[in-house]
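Peer 1: Need the 3D shape of this:
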Amino acid sequence: MAYQAYTLKEAAKKPERLAPGHRMCAGCGGTVGIRAVLRALKPEDRAVITCATSCLEVSSMTYPYTSWEDSFIHTAFENAASTTSGVEAAYEAMKKKGKLDGETYKFITFGGDGGTYDIGFQALSGAMERGTDMVYVCYDNEAYMNTGIQRSSSTPLYADTTTSAVGSKSDGKIQFKKDLTKIMAAHHIPYAAQTTYLGNFKDIHQKSEAAIYTEGPAFLNVLAPCPRGWRYNESQLMAVCKAAVETCVWPLFEVIDGEWVLNYEPKTKLPVEEYLKLQGRFKHLFKPGGEQRIAEIQEGVDQRWEELRNLCGV
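Peer 2: The predicted structure is shown next:
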């Protein structure tokens, strides 16, 4: 994996490629992630951004205005990855014909969990299997936030959404979250990683740079909390992300040419309550009788954490 590493200080000085003035919510994890990913691009490289229908698309590209400094393609929910495959193939054909005059482009797709885990999964799997030289970035906010906070296959166990509503007969979603990063690694792609926002953004910066400058298909899964759907105070974004990592609800790892690497192991693994209590979507679990549900979540987290440690040889 050969790429020119930039320090965090150097990355912070790069021009923004997602301009201010978009309509994303205050405290949204999505735009924080997109800005961090795009800062990993070298200043001399251009990018073609493909974006599935999502909060990000409708809030950053309202004709005739756009927040994107690079070329931008809005696709349907289901075909963002296949659109990028087509664009990248056209780019390679134009290079062979000498029509680009030395210009270099990187191809990056952004999609929420609805357009990635669910509706766009077939196109994503196909693009990864075909070996398209692209990066697919999922900003994972764990529900269909743009259309009314409906549950997706990324929604965690016992989360309250409008289609897994908590009530006298229901404790929220009754299925565990799909483990998409492991599924992408199973495609035998050169690079797959899981990250979020911690402290100085070192983890997401390094992984974004690795994904963009790895030849071939790469997948980056970014936990991107949503203040409306998760119901946290907008100032608590970083606290929620930190709790997700310290409880091992969202471990930080990467898979490089088939080798599993655990990037961070908490010195003291916190109980899942420390993560759940920060979010209104789990408040029903802290009422009488909720202890059993929290224990089930803890058991699931513990099991998956040990599976990951074994894969990484820890």
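
Peer 1: Skipping adjacent residues, who's closest to residue 179 in space?
Peer 2: residue 304 (7.1 Å; CB to CB, 6 or more residues apart in numbering). The C-beta positions use only the backbone N, C-alpha and C, and glycine is treated the same way.

Peer 1: helices and strands around the helix or strand containing that neighbour, which ones?
Peer 2: Under the criterion of DSSP states H and E, residue 304 resides in helix 291-311. Counting contacts by 3 or more CB pairs under 8 Å, 6 or more residues apart in numbering; DSSP states H and E, helix 291-311 packs against strand 259-262, helix 273-276.

Peer 1: Please tell me the pLDDT value assigned to the residue nearest to residue 179.
Peer 2: The confidence metric pLDDT takes the value 98 at residue 304.

Peer 1: so residue 126, which of the three states?
Peer 2: Secondary structure for residue 126, judged by DSSP: H, G, I helix; E, B strand; the rest coil, is helix.

Peer 1: looking at it, it is touching residue 81, isn't it?
Peer 2: Yes: taking CB atoms under 8 Å as the definition, residue 126 is a contact partner of residue 81 at 7.1 Å.

Peer 1: Between those two, which has more neighbouring residues?
Peer 2: residue 81 (29 against 15; other CB atoms under 10 Å).

Peer 1: Would you map the helices across the protein?
Peer 2: 8-12, 29-38, 55-60, 80-96, 113, 121-130, 180-185, 202-212, 237-246, 273-276, 291-311 (DSSP state H).

Peer 1: Run the chain-centre distance for the shortest one.
Peer 2: Averaging C-alpha coordinates over helix 113 and over its chain gives two centres that are 8 Å apart (CA atoms, centre = their mean, to the nearest Å).

Peer 1: What of stretch 57-75?
Peer 2: Relative to its chain's centre, stretch 57-75 lies at 19 Å (CA atoms, centre = their mean).

Peer 1: how far does that stretch stretch from start to finish?
Peer 2: This stretch, stretch 57-75, spans 9 Å end to end (CA to CA, to the nearest Å).

Peer 1: State the number of residues packed around residue 150.
Peer 2: By other CB under 10 Å, 16 other residues sit near residue 150.

Peer 1: Show the contacting residues for it.
Peer 2: Shown in contact with residue 150 (CB atoms under 8 Å, 6 or more residues apart in numbering): 143, 144, 161, 162, 163.

Peer 1: got JSON lines for those, with neighbour count too?
Peer 2: Listed next are the contacts of residue 150 as JSON lines, based on neighbours: other CB atoms under 10 Å:
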{"residue": "143", "neighbour count": "30"}
{"residue": "144", "neighbour count": "26"}
{"residue": "161", "neighbour count": "21"}
{"residue": "162", "neighbour count": "13"}
{"residue": "163", "neighbour count": "13"}
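
Peer 1: Quickly name whichever of these is closest to residue 260.
Peer 2: residue 143 (28.0 Å; CB to CB).

Peer 1: so what's that closest one up against?
Peer 2: Contacts of residue 143 (CB under 8 Å, 6+ apart): 113, 114, 149, 150, 151, 152, 154, 155, 159, 161, 226, 229.

Peer 1: Check residue 81 too.
Peer 2: By CB under 8 Å, 6+ apart, the neighbours of residue 81 are 50, 109, 111, 120, 123, 124, 126, 127, 128, 132, 134, 136.

Peer 1: One more: residue 124?
Peer 2: 80, 81, 111, 116, 136, 184, 219.

Peer 1: What is the least confident helix or strand in the protein?
Peer 2: Evaluated with mean pLDDT, DSSP states H and E, the helix-and-strand set of the chain has its lowest mean pLDDT in helix 8-12, which scores a mean of 68.

Peer 1: returning to that earlier point: check the contacts of residue 81 for burial and list the buried ones.
Peer 2: Neighbour counting with 16 or more other CB atoms under 10 Å marks 50, 109, 111, 120, 123, 124, 127, 128, 132, 134, 136 as buried within the contacts of residue 81.

Peer 1: can you give me the mean pLDDT across the strand ranked longest in the chain?
Peer 2: Longest strand in the chain, counting residues (DSSP state E): strand 105-112. Per-residue pLDDT over strand 105-112 has a mean of 97.

Peer 1: same thing with stretch 51-62?
Peer 2: On average, the pLDDT along stretch 51-62 is 87.

Peer 1: May I see the buried residues of that stretch?
Peer 2: So for stretch 51-62, counting by 16+ other CB under 10 Å, buried means 51, 52, 53, 54, 55, 56, 57, 59, 60, 61.
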